[in-house]
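Undergrad: need a 3D model of the following:
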Amino acid sequence: MRSIFAGFEPPWNQEKYAEYTRADRRFHNFILRLSDNSFVPQLTEMFDIVRWSYQDGLVRLPEDTLHEHVAIIDALEGHDVRGAVELIVEHHTKSKECLEFALQQYSKLSKAVKF
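TA: Next up is the predicted model:
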């Protein structure tokens, strides 16, 4: 897993951002495959959640998520299951909050602008 993010560091140009987007997808898919809960990967596959959530790129910027991904990998390598779960939940919560904010802004904008 660590190799997925090898070589990523600022500055972030367009090419590096695109590479990070692909690495982010691989990382999240790898975590899903590690899950002992067979329902989660099945649910993701059934509803194609991963593809749709990345439709326009990343939910959050690499400078916000790279250290979170590395912390999750550190916890998994250290066999700290509880720590890894807490970090994963925190990571997803932050992304969920960003998506909710974006949807609220879009909703406000769409109400203000009549097409």
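Undergrad: pLDDT of stretch 68-81, averaged?
TA: Averaging pLDDT along stretch 68-81 gives 95.
Undergrad: buried ones in it?
TA: Buried residues in stretch 68-81, counting neighbours by 16 or more other C-beta atoms under 10 Å, are found at 68-69, 71-73, 75-76. All C-beta atoms are positioned from the backbone trio N, CA, C, and that covers glycine.
Undergrad: tell me where this protein has helices.
TA: Under the criterion DSSP state H, the chain contains helices at 14-34, 39-47, 49-53, 62-77, 81-112.
Undergrad: what's the distance between Glu77 and Met1?
TA: 8 Å (C-beta to C-beta, to the nearest Å).
Undergrad: same thing with Pro62?
TA: Counting by C-beta to C-beta - Pro62 and Met1 are separated by 16 Å.
Undergrad: again, but for Lys94
TA: 20 Å.
Undergrad: then Ala102?
TA: Note on Ala102: its distance to Met1, by C-beta to C-beta, is 28 Å.
Undergrad: more crowded one of these two?
TA: Met1 (15 against 11; other C-beta atoms under 10 Å).
Undergrad: Arg26 against Ile4, yeah?
TA: Yes. Using C-beta atoms under 8 Å, Arg26 is in contact with Ile4, at 5.3 Å.
Undergrad: kind regards, and thank you for your time.
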